[in-house]
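In: predicted model, plus sequence, below.
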Protein chains: 2
Amino acid sequence: MPTASTPSKKYHNRAFYLNAAFELIRDIGIDKLTMRRLAEYLDVSAMAIYKHFGSKDELLKAVLDEFIARADVVPPAQLPWHEWVAQLARGMFRALQGETAWLPLLGSFDIGENALRVTTAFIDRLMQEGLAFEQAVAAYLTMIHLVIGAVTLQATFEKSMAAVAQTLAQEKQVSARPILAMVDRDQIDIGLPLFIAGLKARLAAAGRTQG
Amino acid sequence: MPTASTPSKKYHNRAFYLNAAFELIRDIGIDKLTMRRLAEYLDVSAMAIYKHFGSKDELLKAVLDEFIARADVVPPAQLPWHEWVAQLARGMFRALQGETAWLPLLGSFDIGENALRVTTAFIDRLMQEGLAFEQAVAAYLTMIHLVIGAVTLQATFEKSMAAVAQTLAQEKQVSARPILAMVDRDQIDIGLPLFIAGLKARLAAAGRTQG
DNA sequence: ACCTGAACACCGTTCAAGT
DNA sequence: ACCTGAACACCGTTCAAGT
(Lines give C-alpha, C1' and ligand atoms only; values in the text may rest on other atoms or scores of the structure.)
Protein backbone atom coordinates (compact mmCIF):
# COMPACT_ATOMS: atom_id res chain seq x y z
CA MET A 1 0.00 0.00 0.00
CA PRO A 2 1.49 3.33 -0.98
CA THR A 3 1.84 5.95 1.74
CA ALA A 4 1.12 9.63 1.30
CA SER A 5 4.81 10.42 1.45
CA THR A 6 5.52 8.21 -1.57
CA PRO A 7 2.34 8.49 -3.60
CA SER A 8 1.94 6.12 -6.49
CA LYS A 9 0.93 7.58 -9.80
CA LYS A 10 -2.08 5.25 -9.91
CA TYR A 11 -5.52 6.41 -8.86
CA HIS A 12 -6.16 6.89 -5.14
CA ASN A 13 -9.22 5.88 -3.17
CA ARG A 14 -11.16 7.72 -0.48
CA ALA A 15 -9.18 6.17 2.38
CA PHE A 16 -5.92 7.28 0.82
CA TYR A 17 -7.05 10.90 0.56
CA LEU A 18 -8.44 10.77 4.09
CA ASN A 19 -5.16 9.50 5.47
CA ALA A 20 -3.15 12.06 3.56
CA ALA A 21 -5.38 14.87 4.86
CA PHE A 22 -4.87 13.52 8.37
CA GLU A 23 -1.09 13.53 7.94
CA LEU A 24 -1.00 16.97 6.40
CA ILE A 25 -3.17 18.48 9.15
CA ARG A 26 -0.86 16.97 11.75
CA ASP A 27 2.07 18.66 10.00
CA ILE A 28 0.75 22.09 9.08
CA GLY A 29 -2.38 22.53 11.24
CA ILE A 30 -5.99 22.37 10.19
CA ASP A 31 -6.40 26.06 9.39
CA LYS A 32 -3.65 25.83 6.79
CA LEU A 33 -5.14 22.84 5.01
CA THR A 34 -6.49 23.84 1.63
CA MET A 35 -7.68 21.66 -1.17
CA ARG A 36 -4.89 22.96 -3.36
CA ARG A 37 -2.26 22.22 -0.71
CA LEU A 38 -3.50 18.69 -0.14
CA ALA A 39 -3.49 18.16 -3.88
CA GLU A 40 0.07 19.43 -4.15
CA TYR A 41 1.10 17.16 -1.26
CA LEU A 42 -0.23 14.19 -3.23
CA ASP A 43 1.03 15.42 -6.59
CA VAL A 44 -2.48 15.42 -7.92
CA SER A 45 -4.87 18.06 -9.22
CA ALA A 46 -7.02 19.80 -6.61
CA MET A 47 -10.13 18.60 -8.35
CA ALA A 48 -9.19 14.95 -7.94
CA ILE A 49 -10.21 15.22 -4.26
CA TYR A 50 -13.73 16.18 -5.25
CA LYS A 51 -14.28 12.76 -6.80
CA HIS A 52 -14.13 11.30 -3.25
CA PHE A 53 -15.40 14.13 -1.08
CA GLY A 54 -18.23 16.40 -2.15
CA SER A 55 -16.70 19.42 -0.46
CA LYS A 56 -13.92 20.51 1.87
CA ASP A 57 -16.41 20.31 4.76
CA GLU A 58 -17.17 16.69 3.98
CA LEU A 59 -13.47 15.91 3.92
CA LEU A 60 -12.91 17.64 7.26
CA LYS A 61 -15.84 15.85 8.82
CA ALA A 62 -14.35 12.51 7.84
CA VAL A 63 -10.93 13.54 9.17
CA LEU A 64 -12.48 14.62 12.48
CA ASP A 65 -14.13 11.26 13.05
CA GLU A 66 -10.87 9.52 12.15
CA PHE A 67 -9.12 11.82 14.60
CA ILE A 68 -11.51 10.83 17.38
CA ALA A 69 -10.93 7.17 16.62
CA ARG A 70 -7.13 7.49 16.75
CA ALA A 71 -7.22 9.58 19.94
CA ASP A 72 -8.42 6.38 21.64
CA VAL A 73 -9.60 8.15 24.76
CA VAL A 74 -11.69 5.44 26.44
CA PRO A 75 -9.78 4.42 29.63
CA PRO A 76 -9.47 0.86 31.01
CA ALA A 77 -12.69 -0.37 32.65
CA GLN A 78 -11.18 -1.39 35.98
CA LEU A 79 -10.61 2.22 37.08
CA PRO A 80 -12.97 3.68 39.72
CA TRP A 81 -15.65 5.72 37.99
CA HIS A 82 -14.35 9.17 38.96
CA GLU A 83 -10.84 8.38 37.71
CA TRP A 84 -12.31 6.79 34.60
CA VAL A 85 -14.32 9.96 33.89
CA ALA A 86 -11.35 12.23 34.64
CA GLN A 87 -9.05 10.24 32.37
CA LEU A 88 -11.55 10.26 29.53
CA ALA A 89 -12.01 14.01 29.81
CA ARG A 90 -8.26 14.61 29.97
CA GLY A 91 -7.74 12.34 26.98
CA MET A 92 -10.23 14.30 24.89
CA PHE A 93 -8.70 17.55 26.10
CA ARG A 94 -5.22 16.48 25.10
CA ALA A 95 -6.35 15.21 21.75
CA LEU A 96 -7.97 18.53 20.90
CA GLN A 97 -5.43 20.77 22.61
CA GLY A 98 -3.55 23.04 20.29
CA GLU A 99 -5.99 22.15 17.54
CA THR A 100 -8.43 24.95 18.21
CA ALA A 101 -9.31 24.91 14.58
CA TRP A 102 -11.24 21.69 15.25
CA LEU A 103 -13.65 23.49 17.53
CA PRO A 104 -15.83 25.21 14.97
CA LEU A 105 -16.11 21.82 13.30
CA LEU A 106 -17.32 20.22 16.51
CA GLY A 107 -19.99 22.88 16.48
CA SER A 108 -21.01 22.35 12.90
CA PHE A 109 -20.67 18.66 12.17
CA ASP A 110 -22.88 15.67 12.79
CA ILE A 111 -21.77 13.08 15.27
CA GLY A 112 -19.59 10.52 13.52
CA GLU A 113 -19.33 6.77 13.96
CA ASN A 114 -16.31 6.93 16.23
CA ALA A 115 -17.59 9.83 18.30
CA LEU A 116 -20.70 7.73 18.94
CA ARG A 117 -18.54 4.91 20.32
CA VAL A 118 -17.08 7.20 22.99
CA THR A 119 -20.55 8.53 23.81
CA THR A 120 -22.05 5.13 24.49
CA ALA A 121 -19.01 4.00 26.50
CA PHE A 122 -19.44 6.97 28.83
CA ILE A 123 -23.17 6.53 29.23
CA ASP A 124 -22.78 2.79 29.90
CA ARG A 125 -20.23 3.39 32.59
CA LEU A 126 -22.29 5.93 34.51
CA MET A 127 -25.46 3.85 34.25
CA GLN A 128 -23.45 0.98 35.68
CA GLU A 129 -22.69 3.22 38.65
CA GLY A 130 -26.38 3.83 39.19
CA LEU A 131 -27.32 6.88 37.13
CA ALA A 132 -30.54 6.87 35.12
CA PHE A 133 -30.13 7.02 31.34
CA GLU A 134 -31.17 10.67 31.08
CA GLN A 135 -28.79 11.66 33.85
CA ALA A 136 -25.95 9.77 32.21
CA VAL A 137 -26.61 11.60 28.93
CA ALA A 138 -26.65 14.92 30.81
CA ALA A 139 -23.34 14.04 32.50
CA TYR A 140 -21.81 13.15 29.16
CA LEU A 141 -22.94 16.38 27.54
CA THR A 142 -21.62 18.39 30.48
CA MET A 143 -18.23 16.71 30.19
CA ILE A 144 -18.12 17.56 26.50
CA HIS A 145 -18.99 21.17 27.31
CA LEU A 146 -16.12 21.31 29.78
CA VAL A 147 -13.64 19.80 27.34
CA ILE A 148 -14.58 22.10 24.48
CA GLY A 149 -14.53 25.16 26.73
CA ALA A 150 -11.22 24.16 28.30
CA VAL A 151 -9.57 23.68 24.92
CA THR A 152 -10.88 27.03 23.72
CA LEU A 153 -9.66 28.96 26.76
CA GLN A 154 -6.36 27.11 26.82
CA ALA A 155 -5.67 28.52 23.38
CA THR A 156 -6.44 32.04 24.60
CA PHE A 157 -4.19 31.74 27.59
CA GLU A 158 -1.31 30.24 25.70
CA LYS A 159 -1.26 33.34 23.56
CA SER A 160 -1.70 35.89 26.31
CA MET A 161 -1.14 34.14 29.63
CA ALA A 162 0.99 36.83 31.18
CA ALA A 163 -1.28 39.63 29.96
CA VAL A 164 -4.44 38.08 31.41
CA ALA A 165 -2.86 37.37 34.79
CA GLN A 166 -1.31 40.81 34.96
CA THR A 167 -4.57 42.59 34.14
CA LEU A 168 -6.58 40.58 36.64
CA ALA A 169 -3.99 40.93 39.39
CA GLN A 170 -3.86 44.69 38.94
CA GLU A 171 -7.64 44.94 38.99
CA LYS A 172 -8.01 42.85 42.15
CA GLN A 173 -4.91 44.32 43.85
CA VAL A 174 -3.38 40.88 44.38
CA SER A 175 -0.17 39.21 43.25
CA ALA A 176 -0.18 37.85 39.72
CA ARG A 177 1.56 34.67 40.84
CA PRO A 178 -1.47 32.58 41.95
CA ILE A 179 -3.34 33.61 38.80
CA LEU A 180 -0.40 32.63 36.64
CA ALA A 181 -0.34 29.27 38.41
CA MET A 182 -4.04 28.82 37.65
CA VAL A 183 -3.69 29.75 34.05
CA ASP A 184 -0.57 27.64 33.66
CA ARG A 185 -2.45 24.45 34.52
CA ASP A 186 -4.32 22.51 31.88
CA GLN A 187 -7.68 24.25 31.82
CA ILE A 188 -9.49 20.91 31.97
CA ASP A 189 -8.06 20.28 35.46
CA ILE A 190 -9.77 23.41 36.76
CA GLY A 191 -13.36 22.40 36.02
CA LEU A 192 -12.97 18.64 36.40
CA PRO A 193 -12.97 18.49 40.25
CA LEU A 194 -16.07 20.69 40.35
CA PHE A 195 -17.76 18.45 37.78
CA ILE A 196 -16.85 15.24 39.64
CA ALA A 197 -18.13 16.75 42.90
CA GLY A 198 -21.45 17.48 41.22
CA LEU A 199 -21.58 13.96 39.80
CA LYS A 200 -20.84 12.47 43.22
CA ALA A 201 -23.80 14.34 44.70
CA ARG A 202 -26.02 13.06 41.91
CA LEU A 203 -24.82 9.47 42.30
CA ALA A 204 -25.40 9.64 46.04
CA ALA A 205 -28.94 10.87 45.40
CA ALA A 206 -29.53 8.09 42.85
CA GLY A 207 -28.22 5.50 45.34
CA ARG A 208 -30.57 6.82 48.02
CA THR A 209 -33.55 6.58 45.67
CA GLN A 210 -32.68 3.10 44.47
CA GLY A 211 -31.45 1.59 47.75
CA MET B 1 -23.86 61.82 14.38
CA PRO B 2 -24.38 59.91 11.12
CA THR B 3 -25.49 56.29 11.40
CA ALA B 4 -24.14 53.46 9.30
CA SER B 5 -27.39 53.25 7.38
CA THR B 6 -27.03 56.83 6.19
CA PRO B 7 -23.28 57.28 5.91
CA SER B 8 -21.98 60.78 5.42
CA LYS B 9 -19.44 61.31 2.72
CA LYS B 10 -17.08 62.80 5.29
CA TYR B 11 -14.27 60.80 6.84
CA HIS B 12 -15.24 58.22 9.46
CA ASN B 13 -13.52 57.51 12.76
CA ARG B 14 -12.69 54.23 14.48
CA ALA B 15 -15.92 54.17 16.50
CA PHE B 16 -17.97 54.59 13.37
CA TYR B 17 -16.33 51.64 11.62
CA LEU B 18 -16.65 49.55 14.80
CA ASN B 19 -20.36 50.29 15.08
CA ALA B 20 -20.93 49.56 11.41
CA ALA B 21 -19.12 46.22 11.71
CA PHE B 22 -21.30 45.41 14.71
CA GLU B 23 -24.47 46.19 12.77
CA LEU B 24 -23.38 44.27 9.71
CA ILE B 25 -22.42 41.19 11.73
CA ARG B 26 -25.81 41.28 13.41
CA ASP B 27 -27.43 41.31 9.96
CA ILE B 28 -25.35 38.85 7.94
CA GLY B 29 -23.45 36.83 10.58
CA ILE B 30 -19.80 37.03 11.50
CA ASP B 31 -18.57 34.42 9.04
CA LYS B 32 -19.89 36.46 6.15
CA LEU B 33 -18.25 39.67 7.23
CA THR B 34 -15.44 40.58 4.86
CA MET B 35 -13.48 43.78 4.63
CA ARG B 36 -14.84 44.35 1.15
CA ARG B 37 -18.42 43.84 2.30
CA LEU B 38 -18.08 46.20 5.23
CA ALA B 39 -16.54 48.75 2.88
CA GLU B 40 -19.40 48.36 0.42
CA TYR B 41 -21.89 48.73 3.29
CA LEU B 42 -20.28 52.06 4.15
CA ASP B 43 -19.78 53.13 0.54
CA VAL B 44 -16.08 53.37 1.12
CA SER B 45 -13.00 51.63 -0.23
CA ALA B 46 -11.97 48.43 1.57
CA MET B 47 -8.63 49.94 2.36
CA ALA B 48 -10.17 52.81 4.31
CA ILE B 49 -10.81 50.39 7.18
CA TYR B 50 -7.12 49.66 7.48
CA LYS B 51 -6.46 53.24 8.56
CA HIS B 52 -8.32 52.45 11.80
CA PHE B 53 -7.74 48.73 12.31
CA GLY B 54 -4.43 47.10 11.51
CA SER B 55 -6.09 43.91 10.32
CA LYS B 56 -9.41 42.10 10.15
CA ASP B 57 -8.49 40.29 13.37
CA GLU B 58 -7.99 43.57 15.19
CA LEU B 59 -11.38 44.76 13.97
CA LEU B 60 -13.07 41.54 15.11
CA LYS B 61 -11.39 41.70 18.50
CA ALA B 62 -12.79 45.19 19.04
CA VAL B 63 -16.26 44.07 17.91
CA LEU B 64 -16.15 41.11 20.30
CA ASP B 65 -15.42 43.28 23.30
CA GLU B 66 -18.17 45.68 22.24
CA PHE B 67 -20.47 42.66 21.92
CA ILE B 68 -19.69 41.55 25.46
CA ALA B 69 -20.40 45.06 26.75
CA ARG B 70 -23.78 45.25 25.01
CA ALA B 71 -24.79 41.76 26.13
CA ASP B 72 -24.90 43.22 29.65
CA VAL B 73 -24.97 39.86 31.37
CA VAL B 74 -24.21 40.81 35.00
CA PRO B 75 -27.41 40.10 37.00
CA PRO B 76 -28.78 42.26 39.87
CA ALA B 77 -26.78 41.87 43.08
CA GLN B 78 -29.71 41.04 45.38
CA LEU B 79 -30.19 37.56 43.89
CA PRO B 80 -29.00 34.54 45.94
CA TRP B 81 -25.56 33.48 44.68
CA HIS B 82 -26.67 30.32 42.88
CA GLU B 83 -29.36 32.17 40.95
CA TRP B 84 -26.96 35.00 40.27
CA VAL B 85 -24.42 32.55 38.84
CA ALA B 86 -27.06 30.69 36.83
CA GLN B 87 -28.43 33.94 35.36
CA LEU B 88 -24.98 35.16 34.42
CA ALA B 89 -24.16 31.88 32.69
CA ARG B 90 -27.50 31.84 30.86
CA GLY B 91 -27.00 35.44 29.81
CA MET B 92 -23.62 34.67 28.28
CA PHE B 93 -25.03 31.57 26.65
CA ARG B 94 -27.87 33.51 25.06
CA ALA B 95 -25.59 36.28 23.90
CA LEU B 96 -23.32 33.83 22.13
CA GLN B 97 -26.01 31.40 20.98
CA GLY B 98 -26.35 31.13 17.26
CA GLU B 99 -23.13 33.06 16.89
CA THR B 100 -20.82 30.06 16.84
CA ALA B 101 -18.51 32.02 14.67
CA TRP B 102 -17.51 34.00 17.77
CA LEU B 103 -16.08 30.91 19.42
CA PRO B 104 -12.80 30.63 17.57
CA LEU B 105 -12.31 34.30 18.42
CA LEU B 106 -12.85 33.64 22.12
CA GLY B 107 -10.09 31.10 21.75
CA SER B 108 -7.69 33.37 19.96
CA PHE B 109 -8.16 36.86 21.34
CA ASP B 110 -6.87 38.60 24.41
CA ILE B 111 -9.31 39.47 27.13
CA GLY B 112 -10.88 42.87 26.41
CA GLU B 113 -11.83 45.67 28.73
CA ASN B 114 -15.48 44.71 28.94
CA ALA B 115 -14.82 41.00 29.31
CA LEU B 116 -12.63 41.89 32.28
CA ARG B 117 -15.54 43.70 33.92
CA VAL B 118 -17.67 40.54 33.88
CA THR B 119 -14.74 38.50 35.19
CA THR B 120 -14.17 40.69 38.22
CA ALA B 121 -17.91 40.90 39.00
CA PHE B 122 -18.10 37.10 39.14
CA ILE B 123 -15.00 36.70 41.26
CA ASP B 124 -16.15 39.42 43.67
CA ARG B 125 -19.51 37.78 44.17
CA LEU B 126 -18.13 34.33 44.96
CA MET B 127 -15.47 35.71 47.30
CA GLN B 128 -18.28 37.54 49.07
CA GLU B 129 -19.91 34.14 49.59
CA GLY B 130 -16.76 32.81 51.21
CA LEU B 131 -14.60 31.37 48.42
CA ALA B 132 -10.88 32.06 48.36
CA PHE B 133 -9.61 34.13 45.45
CA GLU B 134 -8.05 31.16 43.64
CA GLN B 135 -11.23 29.12 44.03
CA ALA B 136 -13.33 31.98 42.73
CA VAL B 137 -11.09 32.26 39.67
CA ALA B 138 -11.39 28.51 39.14
CA ALA B 139 -15.18 28.73 39.41
CA TYR B 140 -15.26 31.57 36.89
CA LEU B 141 -13.11 29.69 34.42
CA THR B 142 -15.25 26.58 34.80
CA MET B 143 -18.40 28.59 34.09
CA ILE B 144 -16.79 30.00 30.95
CA HIS B 145 -15.86 26.48 29.86
CA LEU B 146 -19.46 25.39 30.30
CA VAL B 147 -20.84 28.34 28.38
CA ILE B 148 -18.45 27.95 25.45
CA GLY B 149 -19.03 24.21 25.29
CA ALA B 150 -22.78 24.60 25.54
CA VAL B 151 -22.88 27.13 22.72
CA THR B 152 -20.72 24.91 20.54
CA LEU B 153 -22.84 21.79 21.09
CA GLN B 154 -26.08 23.72 20.76
CA ALA B 155 -25.03 24.62 17.23
CA THR B 156 -24.35 20.96 16.43
CA PHE B 157 -27.67 19.82 17.75
CA GLU B 158 -29.65 22.50 16.04
CA LYS B 159 -28.33 21.20 12.76
CA SER B 160 -28.72 17.51 13.41
CA MET B 161 -30.90 17.12 16.49
CA ALA B 162 -33.09 14.35 15.16
CA ALA B 163 -30.15 12.46 13.69
CA VAL B 164 -28.18 12.46 16.95
CA ALA B 165 -31.16 11.35 19.05
CA GLN B 166 -32.09 8.67 16.56
CA THR B 167 -28.58 7.23 16.40
CA LEU B 168 -28.16 7.19 20.14
CA ALA B 169 -31.60 5.70 20.79
CA GLN B 170 -30.98 2.91 18.30
CA GLU B 171 -27.59 2.17 19.80
CA LYS B 172 -28.91 2.02 23.36
CA GLN B 173 -32.18 0.31 22.40
CA VAL B 174 -34.27 3.01 24.04
CA SER B 175 -36.88 5.47 22.84
CA ALA B 176 -35.55 8.57 21.13
CA ARG B 177 -38.03 10.78 22.97
CA PRO B 178 -36.09 11.42 26.22
CA ILE B 179 -32.93 12.10 24.22
CA LEU B 180 -34.78 14.52 22.00
CA ALA B 181 -36.07 16.25 25.12
CA MET B 182 -32.51 16.53 26.42
CA VAL B 183 -31.13 17.85 23.19
CA ASP B 184 -34.07 20.21 22.79
CA ARG B 185 -33.23 22.08 26.01
CA ASP B 186 -30.71 24.87 26.05
CA GLN B 187 -27.44 23.02 26.46
CA ILE B 188 -26.36 25.39 29.23
CA ASP B 189 -29.21 24.14 31.43
CA ILE B 190 -27.79 20.63 31.32
CA GLY B 191 -24.43 21.37 32.89
CA LEU B 192 -25.46 24.25 35.12
CA PRO B 193 -27.12 22.21 37.93
CA LEU B 194 -24.10 19.92 38.09
CA PHE B 195 -21.80 22.95 38.26
CA ILE B 196 -23.87 24.63 40.99
CA ALA B 197 -23.89 21.40 42.99
CA GLY B 198 -20.11 21.28 42.79
CA LEU B 199 -19.88 24.92 43.85
CA LYS B 200 -22.21 24.30 46.79
CA ALA B 201 -19.93 21.54 48.03
CA ARG B 202 -16.93 23.84 47.73
CA LEU B 203 -18.69 26.68 49.53
CA ALA B 204 -19.73 24.34 52.33
CA ALA B 205 -16.12 23.19 52.68
CA ALA B 206 -14.91 26.80 52.72
CA GLY B 207 -17.48 27.67 55.39
CA ARG B 208 -16.33 24.76 57.53
CA THR B 209 -12.70 25.82 57.26
CA GLN B 210 -13.44 29.45 58.07
CA GLY B 211 -16.15 28.99 60.69
C1' DA C 1 -4.78 62.72 7.69
C1' DC C 2 -7.63 59.88 5.31
C1' DC C 3 -9.05 57.50 1.27
C1' DT C 4 -8.73 55.16 -3.58
C1' DG C 5 -7.46 51.71 -7.36
C1' DA C 6 -4.88 48.40 -8.90
C1' DA C 7 -2.44 44.49 -7.94
C1' DC C 8 -0.61 40.21 -5.38
C1' DA C 9 -1.14 35.89 -3.64
C1' DC C 10 -4.26 33.25 -2.28
C1' DC C 11 -9.21 30.59 -1.55
C1' DG C 12 -13.41 26.77 -2.71
C1' DT C 13 -15.72 25.14 -6.43
C1' DT C 14 -17.74 24.59 -11.58
C1' DC C 15 -17.29 22.76 -15.78
C1' DA C 16 -15.78 20.79 -20.06
C1' DA C 17 -12.33 18.00 -21.61
C1' DG C 18 -9.11 14.30 -21.42
C1' DT C 19 -7.56 8.94 -20.58
C1' DA D 1 -14.09 5.75 -13.44
C1' DC D 2 -10.93 9.00 -12.29
C1' DC D 3 -8.23 12.98 -13.16
C1' DT D 4 -6.74 17.66 -15.41
C1' DG D 5 -6.72 22.79 -16.68
C1' DA D 6 -8.80 26.73 -17.03
C1' DA D 7 -11.94 29.69 -15.23
C1' DC D 8 -15.29 32.03 -11.81
C1' DA D 9 -16.19 34.48 -7.94
C1' DC D 10 -14.37 35.43 -4.13
C1' DC D 11 -10.67 36.48 0.00
C1' DG D 12 -6.99 39.66 3.16
C1' DT D 13 -3.55 42.75 2.46
C1' DT D 14 0.39 45.77 0.02
C1' DC D 15 1.56 49.70 -2.11
C1' DA D 16 1.78 53.93 -4.67
C1' DA D 17 -1.02 57.54 -5.68
C1' DG D 18 -4.50 60.91 -4.91
C1' DT D 19 -7.07 64.99 -2.00
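Out: Perfect, thanks for sending it.

In: from here on, just use CA atoms for contacts and neighbour counts.
Out: Will do.

In: what are the buried residues along stretch A:21-32?
Out: A:Ala21, A:Phe22, A:Glu23, A:Leu24, A:Ile25, A:Gly29, A:Ile30 (16 or more other CA atoms under 10 Å in any protein chain shown).

In: whoops, stretch A:174-186 was the one
Out: Of the residues in stretch A:174-186, A:Ala176, A:Ile179, A:Leu180, A:Met182, A:Val183, A:Asp186 count as buried by neighbour count, 16+ other CA under 10 Å.

In: show me the residues you listed that map onto helices.
Out: A:Ile179, A:Leu180, A:Met182, A:Val183 (DSSP state H).

In: measure how buried A:Lys56 is and give me the count.
Out: Applying other CA atoms under 10 Å in any protein chain shown, we find 14 residues neighbouring A:Lys56.

In: any idea how far A:Ala15 is from it?
Out: As judged by CA to CA, to the nearest Å, A:Lys56 and A:Ala15 stand 15 Å apart.

In: what's the answer for A:Leu24, then?
Out: Distance, A:Leu24 to A:Ala15, by CA to CA: 14 Å.

In: how about the contacts made by the nearest residue to A:Glu66 once chain neighbours are set aside?
Out: In this structure, A:Glu66 finds its nearest non-sequential neighbour in A:Asn114, 7.3 Å apart by CA to CA, 6 or more residues apart in numbering or on different chains. The contact partners of A:Asn114, by CA atoms under 8 Å, 6 or more residues apart in numbering or on different chains, come to A:Asp65, A:Glu66, A:Ile68, A:Ala69.

In: rebuild those as a markdown table, extending it with secondary structure.
Out: Putting those into a markdown table (DSSP: H, G, I helix; E, B strand; the rest coil) gives the following:
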| residue | secondary structure |
| --- | --- |
| A:Asp65 | helix |
| A:Glu66 | helix |
| A:Ile68 | helix |
| A:Ala69 | helix |
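
In: quick one: which of the residues you listed is nearest to DNA strand C?
Out: DNA strand C lies nearest to A:Asp65 out of the contacts of A:Asn114, by CA to the nearest atom of the strand, at 18.2 Å.

In: residues near that closest one, how many?
Out: Neighbours around A:Asp65, by other CA under 10 Å: 19.

In: and the pLDDT for A:Lys61?
Out: As summarised for this prediction, A:Lys61 has a pLDDT of 88.

In: cool, A:Ala136 as well?
Out: At A:Ala136, pLDDT is 93.

In: so who does it touch?
Out: If you count contacts by CA under 8 Å, 6+ apart, then A:Ala136 has A:Phe122, A:Ile123, A:Leu126, A:Met127 around it.

In: how far away is the third one from A:Val85?
Out: Relative to A:Val85, A:Leu126 is positioned 9 Å away (CA to CA).

In: repeat that for the first one.
Out: Distance check for A:Phe122 against A:Val85: by CA to CA, it reads 8 Å.

In: so what's A:Ala176 closest to, chain neighbours aside?
Out: Going by CA to CA, 6+ apart, A:Ala176 has A:Ala169 as its nearest residue, at 4.9 Å.

In: could you check the angle helix B:133-172 makes with whatever helix or strand the one you found lives in?
Out: Secondary structure assignment for A:Ala169, by DSSP states H and E: helix A:133-172. Angle, helix A:133-172 to helix B:133-172, by axes from the mean of the first three to the mean of the last three CA atoms, to 10 degrees: 160 degrees.

In: in chain A, which residue sits nearest DNA strand C?
Out: Ranked by CA to the nearest atom of the strand, the top residue of chain A for proximity to DNA strand C is A:Thr34, at 3.2 Å.
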